[in-house]
Each structure stands twice: as C-alpha cells, then as structure tokens.
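> From the sequence below, what's the structure:
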Amino acid sequence: MIAQMRDIVANELAPTMTPDQPGGLAAALYAGRHVEFFNYGFADDATRRPVTPDTLFNLGSLRKPFEATLVALGSLRGELRLDDRLPKYLPELTGDYVRRVTVGHLATHTSGMLLPTDHPPWPNDSFSRARFIDMFNALEPQAGEAPGKQRVYSHACYVLLQLVLERCYDAPIATLFEQRILGPIGMNATSLPERGEDNRAVMDAAWMQRVVQGYSDQGMAIGPPGNQQSYFDFPGAGQMFSSARDLATFVAACVDGRSVDPHLREALRMTQRETFSVDDKFGQGMAWETVHLPDATIVDKPGGLNNASGYLGLVPIRQIGFVLLANRGEYPHEIVRYKILPALAKLVASH
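Coordinates of the predicted model:
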C-alpha cells in the first residue's frame, strides 16, 4: 500500500515542480507509523542546492498550531483557562472590546478582531509592542462583531496570544516551544530564532547553510536566506524555521502520539477539535481548520508569505499526516486538501 500512496502523492506534486517553476518543495507523508519523503527542485536556484528532507523552510503561519498547543497544554495542566479574559495576563489591554476577549477566542480565531496588518492594503511600517497594544485598545467592532460569535482569521491575534503566553509563564515564546513541545516530541531542527538588524534569522553558519532562498511565485528572489518578515518590532514575532523531517515528527504526534507524554498527546488532540462551525463544510479548532469532504474529514493548517508556502494536513481517523513546504509564494497547496489527502484516506479505508 505504501507504493500506492507514493504514487498518489508524486502524481499530484510532480507537475507543480517542473524545471520552469522557481525554488523547490519538500513533502512528507506519515501513514501507518511509516514516513515517506518527497523532494523537488532547489533550496537555492542560484547555487543549484537541492531540497532534502532536512532543508530548513520558513513556516509562516504553520507556527500557529504550536502556540495553540501551548494554550491547550496550559489548560489541561490548570495553568490557564480558555475563558480567561486577556487583561488577566495583559492588564495594559483596557479597550472596551478587547477586554471582553478570552484566550480561547484568540486561539480559535473567534475574537472578531482584525488589525491593519491582517489584510490589504498592507501597511509599510512596523509596530512596537506599545503601539501594537494601543491598536487593540482602540479597536471597535466594524460590522457587529462580538467575541466568540464569528470566525475571523487574524495573524495579529496570534501575536497577541504569544504575548499572553509569555506573560503567563514569564518566559520567551521560543523557550516555551522548546521546553514544552519541540524537546518532548524530539524535534531538533525546529527553531524560532531572533531577528537580526538585517531582518535575517540569527542562526549559526551550519544551520544557515540549510535554509532556503525564498522566491515570489514569479521566481524573483525575495530577501536573503533566513529572511524573517514581521510587522511587529519586538522579540519572538518573527517566523519559525523547520524541515519536512521535523514536521513529520509533529504530524505523527498529532495523529498517533503513542510515544508522547499523555498531557501533550491530549493537548495535540484538543487543538484539532472543531469548536466553531463556519458552515456545513468548514469548521475551526485551535489554529487548525476542519474540512468535511465526502471521503474524509481533514484537519489542516495552510500558511504562506510572499516567498514561502506551507501546509500541514491530518486525517486523524486514518492516522495520516502530511507536510508540504515550498520556498515560493502562492504554491497551490490546496491539492493536498482536496486531492492527495482524500485519495490517501480512501485507499487506507479500503484496506
């Protein structure tokens, strides 16, 4: 069956990574306690450095399930509550609307809050922590939004969630990731580096040699390798980096979890549960989205920047996990949600 699975994946991915397409692609399939890797193209077109399972990619919003896991873990351990209002951790949040928002609302994108950094026209400036807080304090509902009553995807709300977690535990978000998730699961190639003055990740030379060059969907190089884009000019607000091999370990823990600490295993499951129904087809969990298709219910998280694309997909009932990382913007990751994962789930169900 593994050979059939490989064919399903390769037949969909190969046409998207022809030689005239910029950059490369690393994918990983976890199924039946077995991992298969798929590598295409180049980490850097100029040097012709090939993509491998250990190439490091910018994760963009694939970082969000890690914050969500910290929230779930804290909830299970009694260290925080999903219905805690934000001023409990950030008393500087004094605005009429934001004071009513809870930790759970942030984690499930149901706060109803959006900042200018969440949608076009994209701002050109960056925001200090104080200005970031001020924007939330000034926020008023635009179309009758109320905490918990709608699903509005917001990157800024996850940056706010980072600040809540850092205040709750009195530790930097990178330390919390490492101590509570990455270390226990055995992910040793995933990091949230600080951002240097040149907006590059602060990494040692050996790690930087594994990082991709990012490209636009038209093939233009955007930023140097290790480029960390952020509107937010305070620590921990840049991007995580990881490899297909390391993220395969993460999705395996999400759908299998046999070798994971019981609290962490339950936290990973908790993040995947649909807590808000958008419509008959789509739902929202903690960072993860739920997609109800005829052949499978898929739990997934897409992510992307102008020079990176990523996707994590789970079919929990079939213990299937999928990782896709591309070093170009606008990669068509929907093929995993709508073609690859349903076909894999159907194959597993038939055996």
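
> all strands of the stretch 1-150 of the chain, in order?
24-31, 34-44, 49-50, 57-58 (DSSP state E, counting those that start in this stretch).

> Deepest in the core, which of these is it.
Most buried of these, by mean neighbour count (mean count of other CB atoms under 10 Å): strand 57-58, with a mean of 30. All C-beta spots, glycine's among them, are computed from the backbone N, C-alpha and C.

> what packs against it?
Identification of packing neighbours for strand 57-58 by 3 or more CB pairs under 8 Å, 6 or more residues apart in numbering; DSSP states H and E yields strand 241-242, strand 308-315.

> Tell me the buried residues in the longest helix that the chain contains?
Longest helix in the chain by number of residues (criterion: DSSP state H): helix 155-169. Using 16 or more other CB atoms under 10 Å as the test for burial, helix 155-169 gives 155-166, 168-169.

> pLDDT added to the residues you listed, as CSV?
As requested, the buried residues of helix 155-169 are arranged in CSV below (pLDDT from 0 to 100):
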residue, pLDDT
155, 97
156, 98
157, 98
158, 98
159, 98
160, 98
161, 98
162, 98
163, 98
164, 98
165, 98
166, 98
168, 98
169, 98
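
> Out of the residues you listed, flag the one nearest to residue 129.
For the buried residues of helix 155-169, the residue nearest residue 129 by CB to CB is residue 163; the value is 7.6 Å.

> OK, contacts around that closest one?
For residue 163, the contact set (CB atoms under 8 Å, 6 or more residues apart in numbering) comprises 89-90, 129.

> run the last query once more with 10 Å
86, 89-90, 92-93, 129, 132-133, 173, 232, 234, 236-237 (CB atoms under 10 Å, 6 or more residues apart in numbering).

> need those residues in JSON lines with neighbour count, can you?
Shown next, in JSON lines, are the contacts of residue 163 (neighbours: other CB atoms under 10 Å):
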{"residue": "86", "neighbour count": "26"}
{"residue": "89", "neighbour count": "19"}
{"residue": "90", "neighbour count": "18"}
{"residue": "92", "neighbour count": "14"}
{"residue": "93", "neighbour count": "20"}
{"residue": "129", "neighbour count": "15"}
{"residue": "132", "neighbour count": "22"}
{"residue": "133", "neighbour count": "19"}
{"residue": "173", "neighbour count": "23"}
{"residue": "232", "neighbour count": "22"}
{"residue": "234", "neighbour count": "18"}
{"residue": "236", "neighbour count": "20"}
{"residue": "237", "neighbour count": "21"}
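
> Just the ones of those in helices?
Per DSSP H, these map to helices at 129, 132-133, 173.

> one step back: can you add mean pLDDT and mean neighbour count and give the helices and strands packed on strand 57-58 back as a markdown table?
Output for the helices and strands packed on strand 57-58, formatted as a markdown table (pLDDT from 0 to 100; neighbours: other CB atoms under 10 Å):
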| stretch | mean pLDDT | mean neighbour count |
| --- | --- | --- |
| strand 241-242 | 98 | 26 |
| strand 308-315 | 98 | 26 |
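
> Identify the spatial nearest neighbour of residue 125, chain neighbours not counted.
Using CB to CB, 6 or more residues apart in numbering and skipping residues adjacent in sequence, the residue nearest residue 125 is residue 231, 7.9 Å away.

> The one you found contacts residue 195, doesn't it?
No. Assessed by CB atoms under 10 Å, residue 231 is found out of contact with residue 195, at 11.9 Å.

> Report the contact partners of residue 173.
Residue 173 makes contacts with 63, 66-67, 70, 159, 161-163, 165-166, 192, 235-237, 240, as judged by CB under 10 Å, 6+ apart.

> if we go to 8 Å?
67, 162, 165-166, 192, 236.

> Residue 284 too?
Contacts of residue 284 (CB under 8 Å, 6+ apart): 108-110, 151, 274-276, 278, 290.

> Kindly reformat these as JSON lines containing neighbour count, distance to residue 180 and pLDDT.
Formatted as JSON lines, these follow (neighbours: other CB atoms under 10 Å; distance: CB to CB, whole Å; pLDDT from 0 to 100):
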{"residue": "108", "neighbour count": "26", "distance to residue 180": "20", "pLDDT": "98"}
{"residue": "109", "neighbour count": "24", "distance to residue 180": "22", "pLDDT": "98"}
{"residue": "110", "neighbour count": "24", "distance to residue 180": "24", "pLDDT": "98"}
{"residue": "151", "neighbour count": "18", "distance to residue 180": "27", "pLDDT": "98"}
{"residue": "274", "neighbour count": "18", "distance to residue 180": "24", "pLDDT": "98"}
{"residue": "275", "neighbour count": "19", "distance to residue 180": "21", "pLDDT": "97"}
{"residue": "276", "neighbour count": "17", "distance to residue 180": "25", "pLDDT": "98"}
{"residue": "278", "neighbour count": "14", "distance to residue 180": "29", "pLDDT": "97"}
{"residue": "290", "neighbour count": "21", "distance to residue 180": "24", "pLDDT": "98"}
